[in-house]
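>>> Give me the fold of what follows.
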Amino acid sequence: AVAWVLHAVALPWKLLAATVPPAPYWNGKVCFAVALLYIGVVTAIVGDLAALVGCALGMPELIVGITLVALGTSLPDTFASRRAAIDDPDADACIGNITGSNSVNVYLGLGLPWLGGALYWQSMGATPDWAERYPTMVLQHPYGAFVVPAGDLGFSVTVYVSIALCVFIVLGLRRQLYGAELGGPSFP
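As a prediction, this is how the structure comes out:
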């Protein structure tokens, strides 16, 4: 009975995944483009559902985004990294998975929406709503622009890149000096 319930829950996702073209077509470019499109659609749906859950629970959108959405996007990567650390003798795949998924989350997760916003506002121009919302920007950008208020993003990305580099340096030194691997013996 549990298998049928799981099958029913997974069936829409299985059907959606069945529409992704095989990787050998056009050297994987079509598969990548379709998968990226599906990720964008699912991300939009998850964002809307998270906003609805936050509204129903009376939580601010920032808190919902930091907790629920971040947990939902990072949890599968955590399990994949754990499996890689267990199965791989030196756990290089684990570190690569963690670093790669976080980099994609930071750079594509912020870069693509900003690109979309910039293209949207470039095509829309300065609307009355935009001029009312950003009165100081009207003089600098009379035809409209995508405005991102200043915040801590530059600092956060710098901290992430610095820590990631430190981790790679420590892992490399462990390998060179002691022959030690992540998940393996700490000393020879």
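>>> Run through the protein and note the low-pLDDT ranges.
Under the criterion pLDDT under 70, the flagged ranges of the chain are 66, 69, 151-153, 181-188.
>>> Compute the number of surrounding residues for Trp13.
10 (other C-beta atoms under 10 Å). No exception for glycine: its C-beta is placed from N, CA and C like everyone else's.
>>> OK, contacts around it?
Applying C-beta atoms under 8 Å, 6 or more residues apart in numbering to Trp13 gives no contacts.
>>> Name the helix or strand for it, please.
According to DSSP states H and E, Trp13 maps onto helix 2-18.
>>> Please find the angle between the direction vectors of the next helix or strand along the chain from that helix and helix 2-18.
Helices and strands here follow DSSP H and E; after helix 2-18, the next one along the chain is helix 29-57. Going by axes from the mean of the first three to the mean of the last three C-alpha atoms, to 10 degrees, helix 29-57 is angled at 130 degrees with respect to helix 2-18.
>>> Spatially nearest residue to Thr19 (excluding sequence neighbours)?
Val34 (7.4 Å; C-beta to C-beta, 6 or more residues apart in numbering).
>>> That neighbour reaches Val20, doesn't it?
Yes - applying C-beta atoms under 8 Å as the test, Val34 and Val20 come out as touching, 5.1 Å apart.
>>> Give me the contacts around the host helix or strand of Ser156.
Using DSSP H and E, Ser156 sits within helix 153-173. By C-beta under 8 Å, 6+ apart, the residues outside helix 153-173 that reach it are Ile95, Thr99, Asn102, Ser103, Val106, Leu110, Leu182.
>>> Understood, closing this out.
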